[in-house]
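*Asks:* Test case, fold it:
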Amino acid sequence: MTAGHAVVLTFPKGAAPAQGLPAQLVTYNNRFYRANNLQVQPVLLGDNMDLVVVQSLPGAKVAQNYALKLRGPQSPLSKLRGAGYQTLIIGIDNLPLLLQSKDVEEYLRFYEKTYK
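*Replies:* The predicted model follows:
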């Protein structure tokens, strides 16, 4: 069995779109991904970044598909064009490492090589 994955949305600290997003994603997930029983969790990452973590998706391909669908018209993210967010896919095992290191830039370099 493949390890679970999470989709992480990064926002500049205090970005208005990040405020109501967790609740909107819970509604979205209940409508389109009820069987996955996804958890949505806002996380403060250091002084300049907020995260919204959606977990646990059963594998990288499912997580990539979910992230792609977040760009679709039914997604709460569709209203956030140009809001300065990024979407990352991360293995559940690596999520604590990202949260501990708080180095999204380093993870982005890894992410570009691994998932793109």
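
*Asks:* Over to Val53. Which of the three states is it?
*Replies:* strand (DSSP: H, G, I helix; E, B strand; the rest coil).

*Asks:* Provide a list of residues in contact with it.
*Replies:* 6-9, 39-43, 95 (C-beta atoms under 8 Å, 6 or more residues apart in numbering). Where you see a C-beta, it was placed from the backbone N, CA and C, and this is true even at glycine.

*Asks:* Same question for His5.
*Replies:* 55-60, 62-63, 89-92.

*Asks:* Could you rerun that using 7 Å?
*Replies:* Contacts for His5 (C-beta atoms under 7 Å, 6 or more residues apart in numbering) come out as 57, 59-60, 63, 89-92.

*Asks:* Please spell out which residues along the lowest-mean-pLDDT helix or strand in the chain are buried.
*Replies:* Using mean pLDDT, DSSP states H and E, helix 104-115 stands out as the lowest-scoring helix or strand of the chain, at a mean of 82. Residues of helix 104-115 classed as buried by neighbour count (16 or more other C-beta atoms under 10 Å): 104, 107, 111.

*Asks:* Can you pull out the low-pLDDT segments for the protein?
*Replies:* 1-2, 17-18, 81-83, 115-116 (pLDDT under 70).

*Asks:* hmm, 90 instead?
*Replies:* Residues of the chain that meet the criterion pLDDT under 90 lie in 1-3, 10-21, 43-50, 59-60, 71-73, 77-87, 94, 97-99, 101-116.

*Asks:* Tell me where it has strands.
*Replies:* 5-12, 39-45, 49-57, 86-91 (DSSP state E).

*Asks:* Out of these, which is closest to Tyr33?
*Replies:* Proximity to Tyr33 (C-beta to C-beta) singles out strand 49-57 among the strands of the chain, at 8.6 Å.

*Asks:* tell me which residues of the closest one are tucked away?
*Replies:* Applying 16+ other C-beta under 10 Å to strand 49-57 flags 49-57 as buried.

*Asks:* Just the CA atoms of that strand, as PDB, please.
*Replies:* The C-alpha trace of strand 49-57 is given here as PDB (Å, rounded to 0.1, in the frame of the first residue of the first chain):
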ATOM      1  CA  MET A  49       3.300  32.000   5.800                       C
ATOM      2  CA  ASP A  50       0.000  30.300   6.500                       C
ATOM      3  CA  LEU A  51      -0.800  26.800   5.400                       C
ATOM      4  CA  VAL A  52      -4.000  24.900   4.800                       C
ATOM      5  CA  VAL A  53      -3.300  21.100   4.900                       C
ATOM      6  CA  VAL A  54      -5.800  18.600   3.400                       C
ATOM      7  CA  GLN A  55      -5.100  15.000   4.300                       C
ATOM      8  CA  SER A  56      -5.000  12.100   3.900                       C
ATOM      9  CA  LEU A  57      -5.200  11.100   0.200                       C
END
